Every structure is written in structure tokens, then in C-alpha cells.
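>>> My questions are about this predicted structure, shown below with the sequence.
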Amino acid sequence: MATAKSIDTLEYKLFPSPRNVHRIVFEHQVFVPYPYALIVMDEFYFKGRYSLFSACRMSDGKMGQVATFEDASDVDIFNTKFVPD
């Protein structure tokens, strides 16, 4: 089992996806409350860099995933194309 260190922000406790090319928390973020959804970020064809994290939202303890993006327009692409299974 891979050991992944968590990243704590004011809003989330994040655990990087092993598929991430970039393990950076980018400025533009989307929380989705589906902790077990398989999100294949390569299939969205984003314009900029991106990363995906398993997440615990600090405000209410809700588990999910956080997609982060370098380019703000990629948030719209993600919101349009993401459909939970």
C-alpha cells in the first residue's frame, strides 16, 4: 500500500491521488461529495494543469474529492462533464 501524506488547508484535509501528474493544490477548486467515484481527469481534456485529491471537508467532516485547476476555465469544463456514477 502506498503511503500518501495528507495536505491540510483551511478548508480540507487532502490526500493526493496516485494518478496525479502534478501534486499541487491549485487556486481553482471543486469539491464533489462522492468519495468513491472514479474520476479519470485525463478524459476531460483540460487546458491547464490539474490535480485530484481525496478530501475531508473541515467545516462538516463530509468526505469527497477535490479537483484543483490552474486555469479557471477548467472549472467550467469539469462541472459540465462530471457525472457521478
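It's in.
>>> what's in contact with the helix or strand of the chain with the lowest mean pLDDT?
When each helix and strand of the chain is scored by mean pLDDT, DSSP states H and E, strand 7-8 comes last, with a mean of 93. Contacts to strand 7-8, defined as CB atoms under 8 Å, 6 or more residues apart in numbering, come from residues Lys13, Leu14, Phe15, Pro16, Val25, Phe53. To be clear about C-beta, it is placed using only N, CA and C from the backbone, and glycine gets the same treatment.
>>> Repeat the analysis, applying 10 Å as the threshold.
Here strand 7-8 makes contact (CB atoms under 10 Å, 6 or more residues apart in numbering) with Lys13, Leu14, Phe15, Pro16, Arg23, Ile24, Val25, Phe53, Ala55, Cys56, Met58, Val66.
>>> want to throw those residues into a markdown table with secondary structure, distance to Tyr36 and pLDDT?
Below are these laid out as a markdown table (DSSP: H, G, I helix; E, B strand; the rest coil; distance: CB to CB, whole Å; pLDDT from 0 to 100):
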| residue | secondary structure | distance to Tyr36 | pLDDT |
| --- | --- | --- | --- |
| Lys13 | strand | 17 | 96 |
| Leu14 | strand | 16 | 96 |
| Phe15 | strand | 14 | 95 |
| Pro16 | strand | 17 | 94 |
| Arg23 | coil | 21 | 84 |
| Ile24 | coil | 24 | 92 |
| Val25 | coil | 21 | 95 |
| Phe53 | strand | 14 | 97 |
| Ala55 | strand | 13 | 97 |
| Cys56 | strand | 14 | 97 |
| Met58 | coil | 20 | 96 |
| Val66 | strand | 15 | 98 |
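>>> No further questions, thank you.
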